[in-house]
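Chemist: Based on what follows, work out the 3D shape:
(one chain, ligands or ions: 1)
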Amino acid sequence: MSLTPIKRYCLFLIIGLTAVGCNDNNDTSVPSSPVHVSINTRMEYTSFVPTNLNSSILIDAEGYHYNNNIYPLKYGDYYGFAGVIVHITLEGKYVAYDAGCPHCLSKQHPVVPDGMFAICPTCHEEFEIGNGVGNPTKGVTSECLRRYNAQYNAATGIISVNN
Ligand SMILES: [Zn+2]
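Modeler: Residues are numbered from 1 along each chain as shown. Down below sits the predicted model:
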């Protein structure tokens, strides 16, 4: 039996999607929520620079959590479903995740960044955030953290996170 072109296309699509796995944001149960935050590495966050590997800023209803300080939200900030984690990867790149655990889906108990991992206080799953993927490492869930776009403007020193 030979495959019709459309069947061949579907097969290709299925194989492609399976291979993508965690890289597809639709693969997470964390609901899509508006995200808009910005971090000025020349003002409050002067140490949040690409050489500061595996450091994180958590942004939630309280504000921007960094170095044991909390800086207030700005007008027009949106912090996703359970909060936004902006992280500097092992390669010195800015990445961003939603702090909602895809297994627990709790806004009250978001994952907590700890070095290159973010840990869920409820199910204890550890998500690897230092690699830019946010994949689970313990197998409590097979889903990744929801990722957002983080863009760094070297001219202004500002990191913008959006979805
Ligand atoms: Zn969890």
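Chemist: Thr51 falls within a helix, correct?
Modeler: No. Going by DSSP: H, G, I helix; E, B strand; the rest coil, the assignment for Thr51 is coil, not a helix.
Chemist: mind checking pLDDT for the nearest residue to it once chain neighbours are set aside?
Modeler: Take Thr51 and drop its neighbours on the chain: the residue closest to it by Cβ to Cβ, 6 or more residues apart in numbering is Gly92, 6.5 Å away. For the C-beta atoms, the positions are set from N, CA and C on the backbone; glycine is no exception. The score at Gly92 is 95. That number is its pLDDT.
Chemist: how about Ala155, secondary structure?
Modeler: Taking three-state DSSP, the label given to Ala155 is coil.
Chemist: how close does it get to the ion?
Modeler: 39 Å (Cβ to the ion, to the nearest Å).
Chemist: Look at that residue and say how many residues are nearby.
Modeler: Residues lying near Ala155 (other Cβ atoms under 10 Å) number 5.
Chemist: residues in contact with the residue nearest to Thr51?
Modeler: Applying Cβ atoms under 8 Å, 6 or more residues apart in numbering to Gly92 gives the contacts Pro50, Thr51, Leu53.
Chemist: what about burial for those residues, which qualify?
Modeler: For the contacts of Gly92, a neighbour count by 16 or more other Cβ atoms under 10 Å gives an empty buried set.
Chemist: Including distance to the ion and pLDDT, could those go into a markdown table?
Modeler: Shown next, in a markdown table, are the contacts of Gly92 (distance: Cβ to the ion, whole Å; pLDDT from 0 to 100):
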| residue | distance to the ion | pLDDT |
| --- | --- | --- |
| Pro50 | 29 | 93 |
| Thr51 | 31 | 94 |
| Leu53 | 25 | 96 |
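Chemist: I figured Phe117 hits Glu128, correct?
Modeler: Yes. At 6.0 Å, Phe117 and Glu128 qualify as touching, with contact defined as Cβ atoms under 8 Å.
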